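A.B. asks: sequence unknown, structure follows:
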């Protein structure tokens, strides 16, 4: 009997592994198609707009790992995002020859370590107290960056973006977009794997009833630290290419309210129950924001996001994906 159970478990693990590989292959094909279509359009703005949308997919999915899967609402998005961005500024000043993918990895590691330390200090708090602590983290990090002269302080810092993209040719924005697409593949594959693993079940147990989960033997603190580190690390990786995207980085742009509002609103609008929700929310809201920026004004982006968030909270509290799941 035990051997049959073991064989069944091995069979399920094998099927899950094949499913993950197929999912990653599908993501790669989709990313290649998106990049090919964007390059076929031949308009530089298409790359700038698509970069922002994919960046919000990464940010929204990263927030959802902690806020959606685990149930801990994080208001400190800009802290982790800016850690990744300013780590690239530091590396640019110290080693300007360092490849951007290495800078992204360094920014992710630093943000993950900050997330791990912050989680260890604050995850014993629950509900609104944890959210306030993460908001305080963003204020502390912004204050430190504003008073750090090496990265420009309050006056900001310039980063000279290469004219040509390495390996693929064309403008450098194409290379940035390609890197962000690759990062999106990594983040989405990680989120989907978490959903279908024991780690995801542990996150769900914490979200539903943390006291009951802890009484049942779930290592709640360990799982929460993993969620915080993963979420913060991916946010830092999303922010690392920002200096090369904007070429001028100051605290007002690195700690912009847009990142915090959108990273929370897009998963809530799309749905926090699975990896699809942040993608749907980012494509819908991010695409709408880019269209409004061109046709009307970028100054009302946050207003549009807030109105959509209120609308969906009233009409579809579980997001677009949750609404379709309930109807089905």
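C.D. replies: Right, received. Where do you want to start? Note that the coordinates shown come from a computational prediction; the quantities given were computed from them, not determined experimentally.
A.B. asks: Identify each buried residue in whichever helix or strand residue 260 is part of, please.
C.D. replies: Taking DSSP states H and E as the criterion, residue 260 maps to helix 257-270. For helix 257-270, burial by neighbour count (16 or more other C-beta atoms under 10 Å) applies to 258-270. Placement of C-beta: from N, CA and C, glycine included.
A.B. asks: Tell me the one among the residues you listed nearest to residue 193.
C.D. replies: Distances from residue 193 to these, taken as C-beta to C-beta, are shortest for residue 267 (17.6 Å).
A.B. asks: and the closest one, how far is that from residue 198?
C.D. replies: 23 Å (C-beta to C-beta, to the nearest Å).
A.B. asks: which residues of the stretch 1-150 of the chain fall in helices?
C.D. replies: All helices of the stretch 1-150 of the chain, identified by DSSP state H, counting those that start in this stretch, fall at 2-41, 44-67, 77-94, 100-122, 128-146.
A.B. asks: since we're on residue 128, how many residues are nearby?
C.D. replies: 9 (other C-beta atoms under 10 Å).
A.B. asks: Now do the contacts for the residue nearest to residue 213 when sequence neighbours are not counted.
C.D. replies: Once flanking residues are discounted, residue 213 sits nearest to residue 205: 3.8 Å by C-beta to C-beta, 6 or more residues apart in numbering. Residue 205 makes contacts with 212-213, 216, 218, as judged by C-beta atoms under 8 Å, 6 or more residues apart in numbering.
A.B. asks: Secondary structure element holding residue 205?
C.D. replies: Per DSSP H and E: helix 198-208 holds residue 205.
A.B. asks: Low-confidence regions, the protein specifically.
C.D. replies: 1-18, 325-328 (pLDDT under 70).
A.B. asks: For residue 95, see how far away the residue nearest the centre of it is.
C.D. replies: Centroid check for the chain by C-alpha atoms, centre = their mean gives residue 59 as the closest residue, at 2.1 Å. From residue 59 across to residue 95, the span is 26 Å (C-beta to C-beta).
A.B. asks: still on that earlier bit, touching, the residue nearest to the centre of the chain and residue 263? I think so.
C.D. replies: Yes. Under the criterion of C-beta atoms under 8 Å, residue 59 makes contact with residue 263 at 4.2 Å.
A.B. asks: Could you name every residue contacting both of the two?
C.D. replies: 77, 235.
A.B. asks: can you pull the contacts of the residue nearest to residue 207 when sequence neighbours are not counted?
C.D. replies: With sequence-adjacent residues excluded and distances taken as C-beta to C-beta, 6+ apart, residue 207 is closest to residue 71, at 3.4 Å. Going by C-beta under 8 Å, 6+ apart, residue 71 touches 206-208, 210.
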